[in-house]
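Novice: Sequence isn't available, so here's the structure alone:
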């Protein structure tokens, strides 16, 4: 049985290229390809992916939609 890990990853500047909070709803996210590929690999291997962010809670729905629309799978 393979041991599964939990990976924590920040969103802005790591998964998406950094944008100021006030630009989040007026610009499209640019995915950092190498990060997205590594997260996909870990997710597909059954590891737990936990995303973290300093974004204000008012951007929660917007953030979830950006992750969904760019195909970033995660658990929490």
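Specialist: Received it, and whenever you're ready, just let me know what you need. Remember, predicted model here, so these are calculated numbers, not experimental data.

Novice: Please state the mean pLDDT value computed over whichever helix in the chain runs longest.
Specialist: As assigned by DSSP state H, the longest helix anywhere in the chain is helix 33-44. Averaged across helix 33-44, pLDDT comes to 97.

Novice: what's the closest residue to residue 52 other than its chain neighbours sitting at in phi/psi?
Specialist: Leaving aside its chain neighbours, residue 52 sits nearest to residue 10 (5.3 Å; criterion: C-beta to C-beta, 6 or more residues apart in numbering). Heads up, the C-betas are built off the backbone N, CA and C, glycines and all. For residue 10, the backbone dihedrals (degrees, to the nearest 10) come out as phi -80, psi 150.

Novice: what about residue 10, neighbour count?
Specialist: 13 (other C-beta atoms under 10 Å).

Novice: tell me the contacts of it?
Specialist: 51-53 (C-beta atoms under 8 Å, 6 or more residues apart in numbering).
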